[in-house]
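Trainee: Model the following, please.
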Amino acid sequence: MTGRTFRNWILGIALLASASACREEQVATEEILPSVSAVEIAAVDFDQEIRASGDLRARLQTMIAAEIAGRVTELSVDEGGSVAEGAVVIKIDPERRRLDLSAAQARLAQARANLRQEKSKVERVRKLRSENVASEERLEEAETALLLAESSVRAEEAAVGVASRALKDASVSAPFAGLVAMRAVELGEYVEPGKDLFELVSMSPLEVLFSLPEIDSQRVSPGQTIEVSVAAPAEKTFDAVVTFIAPTVDPGTRTLRIKAEIDNSEGLLRPGLFARVVVGTDQRRSVLMVPEEAIVQREGSAWLFLIGADDRVRRVQVESGRQSKGRIEVRGEGISAGDRVVRRGHGGLADGMVVVVRDTQSSAVETASGELVGAQS
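Mentor: Numbers count the residues shown, from 1 in each chain. So this is what the prediction gives:
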């Protein structure tokens with residue numbers, strides 16, 4: 001072996017030993033550093049139906065109570081029966097109230113007759129006083145009696161008004177058209193003022209009460225027509241008109257309370273039914289989305305671990321949005337489409353740590369379409 005060949009042989013052995021040492025050092029380093037799977041943040045375009053859930057409620061629903069005391073002498077409608085506006089449903093001893101009214105009218109007639117008598121008396125005394133036949137004291141007495149007679153007439157007129165009102169209240173009528181949902185009294189039962197008599201529910205129009213997430217609050221306005229569906233009849237949708245939008249967002253749920261009115265003249269809907277609401281379609285472009293497993297919930301907030309070019313992670317706070325097919329919308333400063341974030345392997349990660357990225361999922365995903373599930377009330 002020549003000297004040159006021997007030197008080359010020695011150099012090759014040294015290079016192989018150095019490479020082996022480097023590989024061993026790299027393997028040792030990778031065993032120490034956290035190992036993670038990464039995914040690129042995707043920018044997704046979609047046409048999204050804004051959906052919510054709510055409840056159907058009667059726009060007019062009230063419990064009618066007794067305004068006078070007495071015995072129930074007539075029941076015109078049973079539970080479940082329909083009544084027209086102004087129709088008499090219950091009578092509370094109206095005969096007694098008519099007798100009370102007749103007595104009050106008789107006392108009023110007597111008071112008016114007494115008043116006429118006192119007026120004539122005052123006129124005579126004044127004439128006699130002008131002729132110096134009657135004294136001043138007698139005139140004052142006559143005028144005082146006249147004032148008392150006038151007060152008596154006013155009191156009896158008020159008594160007639162009270163008796164007339166009691167007679168009117170003895171016939172309990174429906175303040176609006178609807179169904180008797182519940183009847184709380186029976187025929188012959190004695191009731192006191194304030195006693196519940198029956199519950200009346202208007203079946204048309206109905207209201208649907210629902211809530212929308214804060215992000216969709218700009219997509220609805222008063223007078224807007226929306227679609228409502230229920231479990232039965234499942235094949236039919238109903239148009240509703242938005243009548244009320246809460247002026248403030250609920251701080252607990254970050255949702256906006258909304259009411260819409262539905263024409264139920266066909267009687268297909270019932271108060272209390274669960275309703276599904278479609279407000280409209282929202283065209284959204286370049287929405288940033290990541291797999292749900294990439295989101296870390298810590299300290300009451302949502303976080304992503306952003307992976308830099310040097311494989312060093314940086315914890316970024318984000319706001320999560322809508323979900324679709326295992327992915328979730330994220331919004332926040334410092335993130336953009338194509339950025340790598342940790343998908344798996346969050347355990348033990350801290351801000352600034354260097355990681356070993358085992359694999360990276362591409363951001364290329366199919367365009368999101370169809371229903372997206374948003375926050376429900």
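Trainee: Which helix runs longest in this protein?
Mentor: Taking DSSP state H as the criterion, the chain has its longest helix at helix 94-130.
Trainee: In terms of secondary structure, what does the following helix or strand past it contact?
Mentor: Next along the chain after helix 94-130, taking DSSP states H and E as the criterion, comes helix 136-169. Contacts defined by 3 or more Cβ pairs under 8 Å, 6 or more residues apart in numbering; DSSP states H and E place helix 136-169 against helix 94-130. Glycine gets a C-beta too; all of them are placed from N, C-alpha and C.
Trainee: neighbours around Val313, how many?
Mentor: Look at Val313: counted by other Cβ atoms under 10 Å, it has 26 neighbours.
Trainee: Pull the contacting residues for it.
Mentor: By Cβ atoms under 8 Å, 6 or more residues apart in numbering, the contact set of Val313 is 305-307, 342, 349, 351-355.
Trainee: can you map out the strands along the stretch 151-300 of the chain?
Mentor: Applying DSSP state E, counting those that start in this stretch to the stretch 151-300 of the chain gives strands spanning 171-173, 178-183, 190-191, 196-201, 206-213, 225-230, 237-245, 255-262, 274-291, 296-298.
Trainee: Mind pulling up the pLDDT for Glu24?
Mentor: Confidence at Glu24, expressed as pLDDT, is 49.
Trainee: next one: Val341
Mentor: pLDDT recorded at Val341 is 95.
Trainee: which residue packs closest to it, ignoring adjacent ones?
Mentor: Nearest residue to Val341, sequence neighbours excluded (Cβ to Cβ, 6 or more residues apart in numbering): Leu304, at 4.7 Å.
Trainee: And whichever strand or helix holds the one you found, what does it pack against?
Mentor: Leu304 is part of strand 301-307, with elements assigned from DSSP H and E. In terms of contacts (3+ Cβ pairs under 8 Å, 6+ apart), strand 301-307 is packed against strand 35-40, strand 296-298, strand 313-324, strand 340-344.
Trainee: picking that back up, could you tell me the angle between the longest helix of the chain and helix 136-169?
Mentor: 160 degrees (axes from the mean of the first three to the mean of the last three Cα atoms, to 10 degrees).
Trainee: Quick one: low-confidence residue ranges for this structure.
Mentor: Scanning the chain for pLDDT under 70 picks out the ranges 1-31, 363-377.
Trainee: Okay, Val180 and Val83: tell me how far apart.
Mentor: Distance from Val180 to Val83, counting by Cβ to Cβ, to the nearest Å: 7 Å.
Trainee: any shared contact partners between those two?
Mentor: By Cβ under 8 Å, 6+ apart, Val180 and Val83 have these common neighbours: 77, 89, 200.
Trainee: What about these, which one has the most neighbours?
Mentor: Leu200 (23 neighbours).
Trainee: contacting residues around that residue?
Mentor: 60-64, 83, 174-176, 178-181.
Trainee: ok, now Ala294?
Mentor: Residues in contact with Ala294 (Cβ under 8 Å, 6+ apart) are 39, 304, 341-343.
Trainee: Among the residues you listed, the buried ones, what's the PyMOL command?
Mentor: Buried subset of these, written as a PyMOL selection, criterion 16 or more other Cβ atoms under 10 Å:
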select buried, resi 39+304+341+342+343
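Trainee: Surely Pro175 touches Gln61?
Mentor: No: at 11.3 Å, Pro175 does not count as touching Gln61 under the criterion of Cβ atoms under 8 Å.
Trainee: quick one on the thing from earlier: most neighbours, which of the contacts of Leu200?
Mentor: In the contacts of Leu200, the most neighbours by other Cβ under 10 Å go to Ala174, 23 neighbours.
Trainee: right, and that one touches Gly81 too?
Mentor: No: Ala174 is beyond contact range of Gly81, at 10.5 Å (criterion: Cβ under 8 Å).
Trainee: The strands of the stretch 151-300 of the chain: which one's closest to Leu128?
Mentor: strand 171-173 (53.5 Å; Cβ to Cβ).
Trainee: Return the distance of the closest residue to Leu128 other than its chain neighbours relative to Trp303.
Mentor: Once flanking residues are discounted, Leu128 sits nearest to Ala134: 3.6 Å by Cβ to Cβ, 6+ apart. Distance, Ala134 to Trp303, by Cβ to Cβ: 105 Å.
Trainee: From the neighbour counts alone, determine which of these two ranks first.
Mentor: Applying other Cβ under 10 Å to Ala134 and Trp303 shows that Trp303 carries more neighbours, namely 20 against 16.
Trainee: So in terms of bridging, what pairs with the more buried one?
Mentor: Assessed by DSSP bridges, Trp303 has beta-bridge partners Val296, Gln317.
Trainee: need the contact list for it.
Mentor: Neighbouring residues of Trp303 by Cβ under 8 Å, 6+ apart: 295-297, 315-318.
Trainee: if you set the cut-off to 10 Å instead, what comes out?
Mentor: 294-297, 315-318, 332, 341, 346, 349, 351 (Cβ atoms under 10 Å, 6 or more residues apart in numbering).
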